[in-house]
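> Using only what follows, build the 3D model:
(one chain, ligands or ions: 4)
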Amino acid sequence: MKQDGIFKSVCPLDCPDQCGLLLQKVDGKVVKVEGDPEHPVTKGNICNKVRNMTERIYDENRLRYPMRRIEAKGEGRFERISWEEAIETITSKWKKLIETDGPESILPYSFYGNMGRLNAEGMDRRFFNRLGASQLDRSICSSAGAVGYQYTMGGSFGTDPEDTIHSKLILFWGINAASTNMHQMVLAQKARKENGAKIVVIDVHKNQTGRLADWFIPILPGTDSALALGIMHILFAENMVDVSFLQQYTVGYEELREHVIQYDPMTVSEITGVPVEDIYKLARMYGQTSPSFIRIGNGPQHHDNGGMFVRTVSCLPALTGQWLIKGGGAIKGNSGYLTINSLKLQLPRLLKNKQTRTINMNQLGEALLTLDPPVKSLFVYSSNPAVVAPEGQKVRKGLEREDLFVVAHDLFLTETAKYADIVLPATSSFENMDIYTSYWHHFIQIQQPVIEPYGESKSNVDVFRLLAKGMGFEEAAFEETESEMIKQAVERAPSPYLGEVDYETLLEKQFVKAKVTPLFPGKLRTPCGKIELYSTRMKANGHPPLPTYIPIVHDGDHPYHFVPAPNHNFLNSTFSNIQKHIDLEKEPRLHMNRRDAEASGIEDGEQVRVWNQRGECLLKVSVGENVLPGVVVTQGLWADLEGTKQQVNTLTPDRIADMGGGATFFSGRVSVEKYTATQK
Ligand SMILES: Nc1nc2c(c(=O)[nH]1)N[C@H]1C(S)=C(S)[C@@H](COP(=O)(O)OP(=O)(O)OC[C@H]3O[C@@H](n4cnc5c(=O)[nH]c(N)nc54)[C@H](O)[C@@H]3O)O[C@H]1N2
Ligand SMILES: Nc1nc2c(c(=O)[nH]1)N[C@H]1C(S)=C(S)[C@@H](COP(=O)(O)OP(=O)(O)OC[C@H]3O[C@@H](n4cnc5c(=O)[nH]c(N)nc54)[C@H](O)[C@@H]3O)O[C@H]1N2
Ligand code: SF4
Ligand SMILES: [Mo]
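Ligands and ions are numbered 1, 2, ... in the order given. Got it, this is the predicted structure:
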């Protein structure tokens with residue numbers, strides 16, 4: 001490994017952009033992180049979070065060695081131990097548990113703190129499959145929408161974002177792209193400048209993205225399907241549909257035309273809070289502009305009816321035949337184009353008991369507190385459930401259980417790791433070899449180690465290799481090197497678009513674009529091979545077969561709908577413990593409409609208590625017109641900072657969405673009252 005120089009790298013964070021990076025290394029340390037100008041999509045621009053990445057990877061609180069807990073769970077007092085002792089403690093505990101309670105008493109809990117395929121879902125999957133541990137349904141992020149989109153379009157296949165510079169109308173629907181998909185915003189601004197494109201944003205909060213829009217449309221939370229159906233109503237009524245496209249490439253358009261008669265603009269306006277004239281204006285704009293592109297965000301699918309929303313909105317481009325036009329169409333996610341060989345990478349065949357139970361990660365608290373037979377050991381890696389999972393108080397109560405043996409593998413002593421019996425230090429992605437597949441653009445990228453492991457930290461791949469050895473697993477799969485694993489993953493990949501990608505090419509080129517062909521003319525992976533406006537499969541699965549507005553669940557009689565979304569300077573809870581990023585973000589605010597504030601005697605900048613049947617938070621209020629009356633919005637998953645009480649997930653429901661086992665973070669209700677320090 002060279003001591004100094006500039007090295008190509010990839011952003012490992014769970015962000016659609018998956019930027020190409022350049023790391024400047026001096027005396028063995030990364031001193032600067034910049035965008036790689038040669039990356040064809042991200043072109044040298046990166047976000048502020050990652051420009052300040054060195055603050056995180058060299059933060060004084062980064063874990064350097066394994067530790068054992070010495071005081072009560074949650075207090076965060078630990079002592080140093082060796083890796084040998086750590087692995088021995090874990091594996092001997094697990095061997096005993098397997099004998100007394102069976103392997104399903106052990107539960108892995110992970111998400112995408114690092115998107116690298118090998119580290120996020122490679123060696124770990126092999127290990128837990130072989131162990132026979134309970135399976136985790138990783139449904140916290142976008143699974144409801146992914147299933148909804150699949151019903152309509154057959155899989156995660158959408159527009160090539162690079163083509164969206166040709167779009168003339170760009171609809172950001174429930175996505176805070178300026179913060180969460182900045183290069184889509186760059187492309188949209190380019191289309192606006194060079195092409196006269198209009199940018200329309202539909203959101204419950206006029207945030208960074210709404211402020212950049214040509215037209216911002218505020219909507220009531222969880223009502224977007226109704227708006228999409230209202231648009232369909234007008235498209236059909238005013239003959240703005242592309243009948244030849246509908247006949248050739250879709251099923252069910254005649255049923256849909258009849259079905260949407262009920263969603264007249266007046267009814268839709270009452271549901272959504274969008275004025276009747278705006279519904280007409282939006283539908284006509286959509287019906288008359290080509291190419292038009294919809295970037296479907298994660299926000300509206302974090303509701304009880306989130307799957308149905310995505311299923312519904314993804315019918316729109318078909319109605320106007322946009323899939324045949326360069327720059328037209330939609331993106332919910334594009335991971336389908338880059339599907340690697342997970343059978344080879346994850347070896348599901350190692351799981352002998354095909355009846356092994358699956359636990360939904362959105363109900364971790366409930367699972368830890370009530371499951372029978374109980375979870376007796378939890379291994380958390382690449383995730384911070386004490387902050388990011390809903391029903392946060394239940395999660396922490398579950399983690400506190402004295403008879404629960406918890407291991408946490410992370411770069412930091414996170415809120416979750418404070419409950420662990422054993423803490424293991426993780427490398428940053430810059431210390432590992434891995435491959436990265438974007439869920440937005442069409443590039444696959446490689447990361448080679450740029451710096452030495454920090455202290456005694458180890459990658460996920462290394463930790464699961466060690467655990468396999470400690471458990472006495474003899475399969476050769478646990479001895480494979482990273483390069484062997486990459487070969488397994490990309491060679492004979494199920495995606496036909498990855499045909500020419502191999503390990504050597506990745507090493508040579510750093511990023512390789514999948515050879516994606518247009519979706520149409522062509523056959524989709526839906527049961528009938530076409531866009532399913534009517535879905536027999538949905539009917540069989542107990543859903544209405546046609547796009548339908550289903551109101552969200554009644555969440556209690558609190559006056560405000562509560563939307564706790566991500567913020568600009570953190571990535572979920574990552575960076576929320578780094579002073580630089582905290583300084584950039586300042587503090588979380590609760591956005592409230594002026595009318596509501598006046599009615600409750602609350603003034604801008606005052607502290608309020610936000611509460612419901614699940615928990616409470618103390619936040620400073622921002623009064624204005626950024627949200628509709630009856631809605632409050634806050635941003636960011638904040639760390640447990642001293643003297644604060646701002647864990648928004650103590651307030652969020654752990655109900656499961658209509659599809660994909662998805663989360664319902666944004667379907668909760670709260671009360672808000674002025675807070676004075678003397679209050680209990
Ligand atoms: N800076 C930053 N970037 C990130 C992340 C981060 O935490 N910070 N997280 C990453 C991850 S894991 C993900 S999944 C993506 C998520 O990024 P996005 O796809 O942008 O999703 P969210 O930010 O969850 O929500 C998007 C918007 O939906 C709005 N919203 C909520 N409910 C509704 C509704 O009912 N209707 C409508 N129309 N809008 C609604 C919210 O106000 C928010 O502005 O971002 C990734 N990128
Ligand atoms: N209220 C509310 N809650 C939400 C959301 C919301 O919008 N609102 N968004 C939800 C969404 S979309 C998502 S995706 C989830 C995300 O939830 P998480 O996946 O838990 O995301 P992070 O909070 O970023 O935590 C990732 C952790 O992984 C660690 N890590 C990073 N790299 C590695 C590695 O290589 N190895 C190991 N072992 N650890 C590593 C990081 O240090 C960090 O502590 O949160 C969800 N929670
Ligand atoms: S977080 Fe997203 S925008 Fe920022 S560098 Fe990483 S991939 Fe790029
Ligand atoms: Mo996510």
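
> any weak-confidence spans in the stretch 101-250 of the chain?
Under the criterion of pLDDT under 70, none of the stretch 101-250 of the chain is flagged as low confidence.

> Do any residues in the helix or strand that contains Leu23 lie close to ligand 3?
When secondary structure is defined using DSSP states H and E, the element that contains Leu23 is strand 20-26. No: counting by C-beta under 6 Å from any ligand atom, no contacts exist between strand 20-26 and ligand 3, the nearest distance being 6.9 Å. For the C-beta atoms, the positions are set from N, CA and C on the backbone; glycine is no exception.

> Parallel or antiparallel, list what pairs with that strand.
strand 5-10 (antiparallel), strand 29-35 (antiparallel) (DSSP bridges).

> Minimum distance to Pro527: which of those has it?
Evaluated over the strands paired with strand 20-26, closeness to Pro527 peaks at strand 5-10, with 36.1 Å, by C-beta to C-beta.

> Rounded mean pLDDT for the closest one, please.
Averaging pLDDT along strand 5-10 yields 98.

> And ligand 3, is it touching that?
No: judged by C-beta under 6 Å from any ligand atom, strand 5-10 and ligand 3 are separated, with a smallest distance of 8.4 Å.

> Identify all residues paired with His409 through a beta bridge.
Tyr381, Leu424.

> follow-up on the earlier one: deepest of the strands paired with strand 20-26, which one?
Looking across the strands paired with strand 20-26 with neighbours counted as mean count of other C-beta atoms under 10 Å, the highest average goes to strand 5-10: a mean of 19.

> what's in contact with it?
Counting by C-beta atoms under 8 Å, 6 or more residues apart in numbering, the neighbours of strand 5-10 from elsewhere in the structure are 18-25, 33, 36, 429-430, 436, 445-448, 450, 510.

> from the chain's centre, how far out does the helix or strand Ala188 falls within sit?
Here Ala188 sits within helix 182-195, counting by DSSP H and E. Mean C-alpha position of helix 182-195 versus that of the full chain (C-alpha atoms, centre = their mean, to the nearest Å) differs by 23 Å.

> So which bits of the stretch 101-250 of the chain are right by ligand 3?
Those residues of the stretch 101-250 of the chain that sit near ligand 3, judged by C-beta under 6 Å from any ligand atom, are Met182.

> So which bits of the stretch 101-250 of the chain are right by ligand 1?
Residues of the stretch 101-250 of the chain that fall close to ligand 1, judged by C-beta under 6 Å from any ligand atom: 141-142, 174-176, 179-180, 202-205, 207, 219, 221-222, 224.

> what's the closest of those residues to ligand 3?
Thr180 (8.0 Å; C-beta to the nearest ligand atom).

> which residues touch the closest residue to the closest one other than its chain neighbours?
Using C-beta to C-beta, 6 or more residues apart in numbering and skipping residues adjacent in sequence, the residue nearest Thr180 is Pro566, 6.4 Å away. Shown in contact with Pro566 (C-beta under 8 Å, 6+ apart): 176, 179-180, 572, 635-637.

> again, only using 7 Å
Applying C-beta atoms under 7 Å, 6 or more residues apart in numbering, we find Pro566 in contact with 180, 572, 635-636.

> thought Gly392 was touching Val648?
No: under the criterion of C-beta atoms under 7 Å, Gly392 is not in contact with Val648, lying 8.1 Å apart.

> Buried residues of stretch 368-385, list them for me.
In terms of neighbour count (16 or more other C-beta atoms under 10 Å), stretch 368-385 has its buried residues at 368-369, 371, 375-385.

> unless I'm mixing things up, Asn384 is touching Leu413, no?
No: taking C-beta under 7 Å as the contact criterion, Asn384 and Leu413 are not neighbours in contact, 10.7 Å apart.

> Number of residues surrounding Lys620?
The number of residues packed near Lys620 is 17, by other C-beta atoms under 10 Å.

> what about it, distance to Ser105?
Here the criterion is C-beta to C-beta, to the nearest Å. By it, Lys620 lies 44 Å from Ser105.

> List the buried residues of stretch 395-410.
Going by 16+ other C-beta under 10 Å, stretch 395-410 has these buried residues: 395-396, 398-399, 401, 404-410.

> what does stretch 316-326 give?
In stretch 316-326, residues buried by neighbour count (16+ other C-beta under 10 Å) are 316-325.

> first to last residue in that stretch, what's the distance?
16 Å (C-alpha to C-alpha, to the nearest Å).

> Find the closest residue to ligand 2 in this structure.
Per C-beta to the nearest ligand atom, Gly113 is where the chain lies closest to ligand 2, at 2.1 Å.

> ok, the nearest residue to that residue once chain neighbours are set aside - contacts?
Distance criterion C-beta to C-beta, 6+ apart; nearest residue to Gly113, sequence neighbours excluded, is Ser382 at 3.6 Å. Ser382 is in contact with 110-114, 120, 460, counting by C-beta under 7 Å, 6+ apart.

> and the residues you listed, which of them are in strands?
Under the assignment DSSP state E, the contacts of Ser382 contribute Ser110 to strands.

> Export the contacts of Ser382 as a markdown table, with columns for distance to Glu479.
Formatted as a markdown table, the contacts of Ser382 follow (distance: C-beta to C-beta, whole Å):
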| residue | distance to Glu479 |
| --- | --- |
| Ser110 | 22 |
| Phe111 | 27 |
| Tyr112 | 26 |
| Gly113 | 25 |
| Asn114 | 22 |
| Ala120 | 20 |
| Asn460 | 16 |
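
> now, which of the contacts of Ser382 sits nearest ligand 1?
For the contacts of Ser382, the closest approach to ligand 1 (C-beta to the nearest ligand atom) belongs to Tyr112, at 7.1 Å.

> just to revisit the earlier point, what subset of the contacts of strand 5-10 is also close to ligand 2?
Among the contacts of strand 5-10, the ones lying near ligand 2 by C-beta under 6 Å from any ligand atom are Ser429.

> returning to what we had before: sort out which residues of the strand holding Leu23 are buried, please.
Neighbour counts using 16+ other C-beta under 10 Å place 20-25 of strand 20-26 among the buried residues.

> ok, which pair from those residues is furthest apart?
With distance counted by C-beta to C-beta, no two of the buried residues of strand 20-26 lie farther apart than Gly20 and Lys25, which are 16.4 Å apart.

> Okay, and the beta partners of Arg80?
Beta-bridge partners of Arg80, counted by DSSP bridges, are Met67.

> and what of Arg609?
Per DSSP bridges, the residues bridged to Arg609 are Leu618, Glu673.

> residues contacting it?
Taking C-beta under 7 Å, 6+ apart as the definition of contact, the neighbours of Arg609 are 616, 618, 673, 675, 679.

> PyMOL command for the buried members of those residues?
Selection of the buried residues among the contacts of Arg609 in PyMOL, burial being defined by 16+ other C-beta under 10 Å:
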select buried, resi 616+618+675
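
> would you list the contacts of Arg609 in a markdown table and tack on distance to Glu255?
Converted to a markdown table, the contacts of Arg609 look like this (distance: C-beta to C-beta, whole Å):
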| residue | distance to Glu255 |
| --- | --- |
| Glu616 | 47 |
| Leu618 | 51 |
| Glu673 | 48 |
| Tyr675 | 52 |
| Gln679 | 56 |
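
> Having no further points to raise, I will conclude here.
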